[in-house]
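What follows is a protein structure lacking sequence information:
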RNA sequence: GUGACAACCUGUUCUAUCGUAUCCCGGCAUGUCCGCGGGUAAGGAAAGUCAGGACAACACAGAGCGCCAUACUUCCUAACGGGAAGGUCCUGCGGCUGAACACCGCGGGAACAGCCAGUGCCACAGAAAAUAUACCGUCCCGGUUUACCGGGAUAAGGGUGAAAACGCGGGGUAAGAGCCCACGCCGUGAUGCAGCAAUGCAGCAUGAGGGUAAACCUUAUGGGUUGAAAGACCAAAUAUACCGGGAGUAGCGCCGCUUCGGCGGCUGCUGAAAGGGUUGCUCGCCCGAUGCCCGGGGGGUAGGUCGAUAGAGGCCAUCAGUGAUGGUGGUCCCAGAUAAAUGAUGGAAGCCGGAAGGUCGGCAACAGGCCCGAAGGAACAGAAUCCUGCUUACAGGGUUGUCACCUAA
């Protein structure tokens, strides 16, 4: 960790693209609920290169129009991109890998500020629960 | 000038920081890499997935039946159920007129092939709904006697109905009726003229003159099925058909060859070794030739590549055409993701909006004009193989046309 903090990127390797990985995450993982969001997560021991991988889901049932769905996904991704550093460092130090899925459960598109707050809260809670009970 | 309607066009722009996808360039640590290098990155409907193609796989001698679609004409197009122009019928407004019909002008609509091919159907009401029919009425005859009853004729009139056997005048008759005739409407047919044609006009002949094909049906034309999750290719790990090589290969049995020493084979039996399992190690135990080790190899999974972005392409000019559209020349390269990129936050400009204020006019209330402009607002909507159309959604702005109202002349 020399001087400048890491660049805030969000590229392909940090996304979950594998069907089996997704199935396992939703069937075996745990979840945290907060307001308009639900977060599924699954810890594995094998430390891979991106310590945390993410999946964003906005269900069609909640937001009917493709335009609003796209916008919501982009807002969530933007929030994660700006707030992910702590989580990545935390799981790197624990030498674990974490799969995350953020699911939007609201009925309407919300603003970037609200999204920032909600995502930040979720990530903090994820870290806190594992500080207490490191398994 | 304002408003409404219709058609067509348009569908905010610039910039800073951070970020995404892809292509190019560069780097070395050669890859799911890095770069404060550069280019490009949603729409008029990207939507609905409705029609038609391109493309792909499979099917397919030929013919018939069936099923489905289409249905005025000509043209356009790769093709269409799309479009253009024209025709016919219906219809709105305006003009013409004393008023109307017809006609003319500007619009709107049409499931505009055929009930004169055949079969069927036509609720309720009504006497009767289609080879007609007789409730009232009209007329004739008979009986009776004023006004009633019976038989017959009749489709003019009444009544019913969405619809009642073409309209009107005359002849005719007991009364009537296309029963006959003139005129007219409608249908059909051939002829002449105009038109590529639909069709129009003209006179002639003819008559079975209600509606219904969104009833069966007839005629003509077209149609193989499934869709990019099509389809083509590469292919790790693991297991493995099959092939080659290697280690190991004792005894008995059987078969073949033999120079009688043996040699080879066996999906025959028994035993053991190599090897493997159990364990930290040794022993022990267990598996062990349909096996073990090495190499090749086909199919094929994860995953990846192609399909897949230069095209029935855009823009400009020009020519042909009433037009849809086509020809020619020039010029440009304009998204290509795949758990699915095209974003976030600031700032500025323009647009809509008009609070508050100023000013002109007026004695004033205050019509109205002009200036300045705060808050706030900005629709419908996100590519997914690609095109051509259609349909639907849509704030604001622009152009043209029609109508209404106001103002001025």
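Nice, I can see it. These numbers come from a predicted model, not from an experiment.

and chain A, which residues reach RNA strand B?
Residues of chain A lying close to RNA strand B (Cβ under 7 Å from any atom of the strand) are A:7-13, A:15-19, A:22, A:55-57, A:65-67, A:70-71, A:73-75, A:77-78, A:81, A:111-112. All C-beta atoms are positioned from the backbone trio N, CA, C, and that covers glycine.

buried set for stretch A:106-119?
Within stretch A:106-119, the residues scored as buried using 16 or more other Cβ atoms under 10 Å are A:109-110, A:115-116, A:118-119.

all strands of chain A, in order?
Under the criterion DSSP state E, strands of chain A are mapped to A:30-34, A:37-44, A:52-57, A:97-104.

just those strands: most buried one?
Ranked by mean neighbour count, these are led by strand A:97-104 with a mean of 22 (mean count of other Cβ atoms under 10 Å).

got the angle for that one vs strand A:37-44?
Angle, strand A:97-104 to strand A:37-44, by axes from the mean of the first three to the mean of the last three Cα atoms, to 10 degrees: 170 degrees.

how close does the closest residue in space to residue A:21 that isn't next to it in sequence sit to residue A:75?
Closest residue in space to residue A:21, ignoring its immediate chain neighbours: residue A:99 at 6.4 Å, by Cβ to Cβ, 6 or more residues apart in numbering. Per Cβ to Cβ, to the nearest Å, residue A:99 is found 21 Å from residue A:75.
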